[in-house]
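Visitor: structure, please.
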Amino acid sequence: MNRRTATTAHALLGLLALRTEWSAWELTKQLRRNMRFFWPRAESQIYQEAKSLVARGWALDRRSYTGDRPKTTYAITEDGRKELEAWLSTPPRATSLECEPLLRVFLSDYAGPDELRSALAQARADGHAILDAGRVVGAKYLSGSAPFQDQLHVRAFVLDFVSHHARMLIDWADRTEATLDQHPDPHSESRQQAARAIIAANLAAYPPPPQNG
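Guide: Okay, the predicted model is just below:
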């Protein structure tokens, strides 16, 4: 099992540890609601991962029926809790960034200006989607009505992270689009000067490197 698949399995174990049992649909819903902005996974993979947890002895499955419709629920086992605790005691992998709009910008010399602006629009829309979800989730935690209100002390850190990330996406898209408006010709001297100014401003804002030892 590679590290990426393992992390998805442990994310599901973490959800299973929160409740007595979950249906596969409930697991999918929670991953979409709470983790989709920093650990997105396809629904088909979630169903397969849940089955693999059972095969490893980390979860139990129970099949029931609502009328003629079958329903499978999953519960974490003691071995599953031990596995989750063991995984959490290991160092995490380095942070990685996956952002197709940024990839499109990186390769935008091979496209036209409309495609470049389309990539910026998507990044901006992604930021607003995160903020829209944060408004709903955050309000529930502030009112005391969140499904996992007892997780408030850690969920606040997650909301803080994704909210800052969302605002960064929006601000970056706006700044980049403003530069394109002011300097539409990518090969003009003014665009080159603007590019150098962007790099210089970022370097000036960097914090000092951490001291070793």
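
Visitor: C-alpha only now, for contacts and for neighbours.
Guide: OK.

Visitor: quick one: contacts for the residue most central in space within the chain?
Guide: Centroid-nearest residue in the chain, with CA atoms, centre = their mean: Phe38, separated by 1.3 Å. Each residue near Phe38 by CA atoms under 8 Å, 6 or more residues apart in numbering is listed here: Val162.

Visitor: show me the helices in this protein, by range?
Guide: Taking DSSP state H to define them, one finds helices in the chain at 3-16, 24-30, 43-55, 78-88, 100-106, 113-143, 152-182, 189-205.

Visitor: closest one to Pro70 among the ones you listed?
Guide: helix 24-30 (11.6 Å; CA to CA).

Visitor: restricting to C-alpha, output that closest one in CSV.
Guide: The C-alpha coordinates for helix 24-30 follow below in CSV (Å, rounded to 0.1, in the frame of the first residue of the first chain):
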residue,chain,number,x,y,z
ALA,A,24,-20.5,4.4,2.9
TRP,A,25,-22.7,7.3,1.8
GLU,A,26,-22.2,9.1,5.1
LEU,A,27,-18.4,8.6,4.8
THR,A,28,-18.5,10.1,1.3
LYS,A,29,-20.7,13.0,2.5
GLN,A,30,-18.3,13.8,5.3
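
Visitor: got the contact list for it?
Guide: In contact with helix 24-30 (CA under 8 Å, 6+ apart) are residues Leu12, Leu15, Glu43, Ile46, Tyr47, Ala50, Thr72, Thr73, Tyr74.

Visitor: how many residues are close by the fifth one?
Guide: Tyr47 has 15 neighbouring residues, counting by other CA atoms under 10 Å.

Visitor: that older thread, wait, which of the contacts of helix 24-30 is closest to Ser163?
Guide: Taking CA to CA as the measure, Ser163 sits nearest to Leu15 out of these, at 22.0 Å.

Visitor: setting aside sequence neighbours, what's the nearest residue to that closest one?
Guide: Leu27 (7.3 Å; CA to CA, 6 or more residues apart in numbering).

Visitor: the protein - how does it break down into domains?
Guide: 3-88, 100-205 (automatic domain parsing).

Visitor: rank the ones you listed by pLDDT, which is bottom?
Guide: When these are ranked by mean pLDDT, domain 3-88 comes last with a mean of 87.

Visitor: separation between Leu12 and Trp87?
Guide: The gap separating Leu12 from Trp87 is 13 Å, by CA to CA, to the nearest Å.

Visitor: ditto for Ile199
Guide: Distance from Ile199 to Trp87, by CA to CA: 39 Å.

Visitor: these two: which is more packed in?
Guide: Set Ile199 next to Trp87 and count neighbours by other CA under 10 Å: Trp87 wins out with 14 against 10.

Visitor: residues in contact with that one?
Guide: His10.

Visitor: 6 Å - rerun?
Guide: By CA atoms under 6 Å, 6 or more residues apart in numbering, no residues touch Trp87.
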